[in-house]
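Asker: Provided below for reference: sequence and predicted model.
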Amino acid sequence: MVDQSTNDLSAREAARLLGVKLPTLYAYVSRGLLRSLPAGAGRARRYLRSDVEALRERGPSVRAAAGALRWGEPILESAITAMTPAGPAYRGRLAADLAREGTCFEAAAELLWTGVLPEAEPRWEAPPLPELAGVLPLLPPEAPHASVFPVLVAARAAGDAGRFDTAPEGVLPRARGLIRLLAAGLALPRAPARARRAARAPRIAEVVARAFALATDRETLASIDALLILLADHELNASTFAARVAASTHADVYAVVQAGLATLSGPLHGATSDRFEALLAEVGTPEQAERVVQERARRGERIPGFGHPFYGPAGDARARVLLEVAWGLGRRSTELAVANAVIGAMERASKPPPNVDSAAVALRAALGMPPGAVAGLFAVGRSAGWVAHALEQVATGHLLRPRARYSGPDPLGETSEAMLRAP
C-alpha cells in the first residue's frame, strides 16, 4: 500500500499509484510530464503526491497520446527485444548474459534475425569487397570512422541489382556481407590495405581487430564481441525506428541501413561517445576529474555518458558489463585511467551512473583503439538490430505512417466552422 501519511513518494510508490512500470515513470520524468526531486544522499528520487495524482487524473490514454512519438511510449508490437532493468533481452535472452558467456557477435545477430541462437559459431562468407578501394577518392583523409559508412553502403547498393528482394532468404546474405563491409571499413580512409586484409578474417570481431591493427588474441576478440553484442539492439531507439519506417515501404536492406546510419549520426543518439571523449581530453589527468565534474555541476552542464532515461537510478546494465570487461583486461591506458577517475568523481557526487556510451569509450581505450572508434563500432553492432527490425516490419505488411495533431491556424476559417455546425 502507498503510505498516505506523506506527500512524498518513492519511485515504486509513484509507479504503483499511476499503474505503470518504473521505466514508464522515468519516461514521464524525461518528457517533463512529472517532476522528480532529490532525496538526500544517494541516487534515489522522490515524487510529490500532488504531481502524481494530477498526472493520474489525466488518464492513461491522455498520457500516452501526449507523447506517442516521444521518448518512452510503445507505439508498435515487436518480438525482438524486451527492455528490462537488467538491460535489453534479445528474443528472451539477456544481452548481458550473452556477452558474459562469450557468445560471438554473429550468433547474437542470427538470434535477433531468426529467433534461434546457433549451437555452433556461425561462419559468415568472406567475399571480396571492391567497395573498400572504390570509395577512397570520395573520402577526405581524416574522415571519421562512422562518416565513411554511408559511402560504402551506397557503393554496395549500386552494384547489387537484386537488392530489392525483401524476403529473409534474400536479405540475410546481404546483411552478413554488409556488416563485414562496415567492420572492415573502420580502417578507412587511413589504411585501405589493412581494410582489405581485415575483410578476409573469419569472424567479425577479428575483422574489427585487424581494422584497428590490434592483436587477435582470444581476450581481445571476446571483448570486441561483448561490445558489439551489447550495442546490437535497444528496442525502438531513434535509428531503429527510422530503419523500420524505411522497411515499411519495402525499401531494400541497404536503404534500411542508410536510414539507421543517418539517424545514428545525430548528437542526441550515436555521437554521445564523441562528447565523452572530448570530456576526457578536457580532464587530461585523473587528478583533474573531481575539479572538472564540480565545475560542470556549478555551471549546470550535463556530463555526457552518464544516466539513461530508460534505466533511471538503477543504471545501464550494459555499461556494467563493458566496464567489467575493460577493467578485466588489466591493460594500462592513461585515457582509461581518466575515464575511471571521472566515473568515480560522478559517483562521489551522487550523479547518475555511467551509461553504455562512456563504458564503450572505456573499453575502447583499454583495447588501444583510437578516439572516435566507438561511433563506428556502434553502427557495426546496431546494423544487426536494424536488419532484425526491418524483417519484422516487412512481415507485418503495414506502412508506418503516423498522423499529426494539427495545432496551427485554421486554414478554412468560417468554412470549417460551418462544416462543424452542419447536421
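Answerer: Done, it's in. Computed from a predicted structure; not experimentally measured.
Asker: contacts, neighbours, all on C-alpha from now
Answerer: OK.
Asker: Could you check how far stretch 307-317 is from the centre of its chain?
Answerer: 13 Å (Cα atoms, centre = their mean, to the nearest Å).
Asker: Equivalent analysis for stretch 239-259, please.
Answerer: The answer for stretch 239-259 is 16 Å, by Cα atoms, centre = their mean.
Asker: can you list the residues that contact it?
Answerer: Stretch 239-259 is contacted from outside by 150, 153-154, 156-157, 163-166, 171, 174-175, 260-264, 383, 385-387, 389-391, 393-394, 397-401, using Cα atoms under 8 Å, 6 or more residues apart in numbering.
Asker: and the end-to-end length of it?
Answerer: Start-to-end span of stretch 239-259 (Cα to Cα, to the nearest Å) is 7 Å.
Asker: does residue 146 really touch residue 380, like I thought?
Answerer: No - Residue 146 lies out of contact with residue 380 (Cα atoms under 8 Å); the separation is 9.1 Å.
Asker: Settle it for me: which of the two has more neighbours?
Answerer: Taking neighbours as other Cα atoms under 10 Å, residue 146 and residue 380 compare with residue 380 leading, 28 against 25.
Asker: which residues sit in contact with that one?
Answerer: By Cα under 8 Å, 6+ apart, the neighbours of residue 380 are 179, 182, 183, 228.
Asker: Go again with 7 Å.
Answerer: 179, 182, 183 (Cα atoms under 7 Å, 6 or more residues apart in numbering).
Asker: Look at it and give its secondary structure.
Answerer: Of the three states, residue 380 takes helix under DSSP: H, G, I helix; E, B strand; the rest coil.
Asker: Spell out which residues make up each domain of this protein.
Answerer: 8-66, 97-399 (automatic domain parsing).
Asker: Dump those to CSV, plus distance to residue 85.
Answerer: Output for the domains of the chain, formatted as CSV (distance: least, Cα to Cα, whole Å):
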stretch, distance to residue 85
domain 8-66, 8
domain 97-399, 6
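Asker: Of those, flag the one that's most buried.
Answerer: Mean neighbour count (mean count of other Cα atoms under 10 Å) peaks for domain 97-399 among those, with a mean of 20.
Asker: So what's the gap between that domain and the chain middle?
Answerer: Distance, centroid of domain 97-399 to centroid of chain: 8 Å (Cα atoms, centre = their mean).
Asker: Contacts only, for residue 164.
Answerer: Residue 164 neighbours (Cα under 7 Å, 6+ apart): residue 252.
Asker: Quickly note the distance from it to residue 333.
Answerer: On the measure of Cα to Cα, residue 164 and residue 333 end up 46 Å apart.
Asker: again, but for residue 121
Answerer: Residue 121 is 32 Å from residue 333, by Cα to Cα.
Asker: With residue 348 instead?
Answerer: Plainly put, residue 348 is 23 Å away from residue 333 if you go by Cα to Cα.
Asker: Repeat that for residue 150.
Answerer: Residue 150 is 32 Å from residue 333, by Cα to Cα.
Asker: Repeat that for residue 107.
Answerer: Where residue 333 is concerned, residue 107 sits at a distance of 31 Å (Cα to Cα).
Asker: do residue 230 as well
Answerer: In terms of Cα to Cα, residue 230 sits 23 Å off from residue 333.
Asker: same question, residue 180
Answerer: Per Cα to Cα, residue 180 is found 29 Å from residue 333.
Asker: would you put the C-alpha positions of stretch 324-338 in CSV?
Answerer: The C-alpha trace of stretch 324-338 is given here as CSV (Å, rounded to 0.1, in the frame of the first residue of the first chain):
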residue,chain,number,x,y,z
GLU,A,324,33.9,-5.2,-16.1
VAL,A,325,35.4,-6.3,-19.4
ALA,A,326,37.6,-3.1,-19.7
TRP,A,327,38.9,-3.5,-16.1
GLY,A,328,39.4,-7.2,-16.6
LEU,A,329,41.8,-6.7,-19.4
GLY,A,330,44.3,-5.3,-17.0
ARG,A,331,45.9,-3.1,-19.6
ARG,A,332,47.3,0.3,-18.8
SER,A,333,46.0,3.3,-20.6
THR,A,334,46.1,7.0,-19.5
GLU,A,335,42.7,7.5,-21.1
LEU,A,336,41.2,4.6,-19.3
ALA,A,337,42.6,5.9,-16.0
VAL,A,338,41.0,9.3,-16.7
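Asker: Number the chain from 211, please
Answerer: Noted, 211 is the first residue going forward, which turns the last one into stretch 534-548.
Asker: Residues contacting it, please?
Answerer: Contacts for stretch 534-548 (Cα under 7 Å, 6+ apart): 433, 490, 495, 496, 572, 573, 575, 576.
Asker: Most widely separated two among the residues you listed?
Answerer: By the measure Cα to Cα, the contacts of stretch 534-548 have their two most distant members at 433 and 495, which lie 25.3 Å apart.
Asker: Can you pull out the low-pLDDT segments for the stretch 211-360 of the chain?
Answerer: Where the stretch 211-360 of the chain drops to pLDDT under 70, the residues are 211-216, 240-242, 249-253, 268-284.
Asker: Please enumerate the helices of it.
Answerer: Under the criterion DSSP state H, counting those that start in this stretch, helices of the stretch 211-360 of the chain are mapped to 221-228, 232-240, 259-267, 270-276, 305-310, 315-324, 341-344, 355-368.
Asker: What is the last one packed up against?
Answerer: Just to be clear, that refers to helix 355-368. helix 341-344, helix 463-474, helix 583-606 (3 or more Cα pairs under 7 Å, 6 or more residues apart in numbering; DSSP states H and E).
Asker: if you average pLDDT over the second one, what comes out?
Answerer: Pointing back at helix 463-474 there. Averaging pLDDT along helix 463-474 yields 97.
Asker: re earlier: can you list the helices of the stretch 211-360 of the chain in JSON lines and add distance to residue 288?
Answerer: Shown next, in JSON lines, are those (distance: least, Cα to Cα, whole Å):
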{"stretch": "helix 221-228", "distance to residue 288": "24"}
{"stretch": "helix 232-240", "distance to residue 288": "17"}
{"stretch": "helix 259-267", "distance to residue 288": "27"}
{"stretch": "helix 270-276", "distance to residue 288": "18"}
{"stretch": "helix 305-310", "distance to residue 288": "17"}
{"stretch": "helix 315-324", "distance to residue 288": "12"}
{"stretch": "helix 341-344", "distance to residue 288": "34"}
{"stretch": "helix 355-368", "distance to residue 288": "26"}
